[in-house]
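Enquirer: 3D, please:
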Amino acid sequence: MKTKEIFAAIEEVAPLRFQESYDNAGIQVGDADAEVRGVLLCTDVTNAVLDEAIATCSNLVISHHPLIFHGLKKIAGRTAVERMVAKAIRHGITVYSAHTNMDNTPSDGVSFKMAEKLGLAQVELLDAHSDGEQAYGSGVVGGIAPVRAGKLLERVKALFGVQAVRYSGDADTVVTRVALCGGAGAFLIDKAIEAKAHIFLTGDMKYHDFQGHEHEIVLADMGHYESEQFTKEIFFDIIQKKNPTFAVAFAKQERNPINYI
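Expert: The predicted structure follows:
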């Protein structure tokens, strides 16, 4: 199988036209016509992940976050990104990323995977719009059996391996409607309130994001990596559907870059 066949399978679910204007989804490094020997899946491309790809003879790395986010004028080893690009090229590794296009898919994206993990029902896009061909958008909202917000956050900690959740609002709020957004989703707070969600779960919320909504909604920051870590499962399912016998693995060397004490 060629790398471009795997790219096409991913883009059938998450077309590149769904990505935000600031993003750089798609092939990052390598050859779209290369024959794939093995695939390594990760959230972030790191030196450790590339070393694992080399050790396991995996010549395709698929990540959620792009390796190259800003333009490169030189590849001279000055930065971590330049060094990783050079390493990938030197070892014949193709790197491909599906970022905000995978965030914005209408049914199988990052926030939908979060909703699946939490067992939400009747899940729909939180901020939907259309490109004329198909609806897509950011975040999701769905129903859940009545549960106190505090209890739900304990469930989130267990399911997503979260060591600490920052939240505002009343932990005794009875929740039956949940809004979610993988990654940095504070821009959707007003949409979550409009959707009559009792709680909004996302990552990377700033201090002031928590203020002013205490009596309208419970806001919770579960961590950026934690909210998006299961994107790897989306990639896995897509590739396995394409070829059930293909060698696909989750990167064992991937780590959340943020530690907690």
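Enquirer: which helix or strand lies directly C-terminal to the helix or strand harbouring Asp237?
Expert: Assigned by DSSP states H and E, Asp237 falls within helix 231-242. Downstream of helix 231-242, the first helix or strand assigned by DSSP H and E is strand 248-250.
Enquirer: gap between that following strand and the chain center?
Expert: Its chain's average C-alpha position is 16 Å from that of strand 248-250, according to C-alpha atoms, centre = their mean, to the nearest Å.
Enquirer: list the strands paired with that strand, with their directions.
Expert: strand 39-42 (parallel) (DSSP bridges).
Enquirer: what comes into contact with the strand it pairs with?
Expert: Residues outside strand 39-42 that contact it (C-beta atoms under 8 Å, 6 or more residues apart in numbering) are 6, 49, 52-53, 56, 58, 60-64, 232, 235-236, 239, 246-251, 254. To be clear about C-beta, it is placed using only N, CA and C from the backbone, and glycine gets the same treatment.
Enquirer: surely Leu180 and Ser138 touch.
Expert: No. Applying C-beta atoms under 8 Å as the test, Leu180 and Ser138 come out as separate, 10.4 Å apart.
Enquirer: need the overlap of contacts for the two.
Expert: Shared contacts of Leu180 and Ser138 (C-beta under 8 Å, 6+ apart): Ser111, Leu126.
Enquirer: quick check on the residue nearest the centre of the chain: phi, psi?
Expert: Residue closest to the mean C-alpha point of the chain, counted by C-alpha atoms, centre = their mean, is Glu228 at 3.7 Å. The phi/psi pair for Glu228 (degrees, to the nearest 10) reads phi -110, psi 0.
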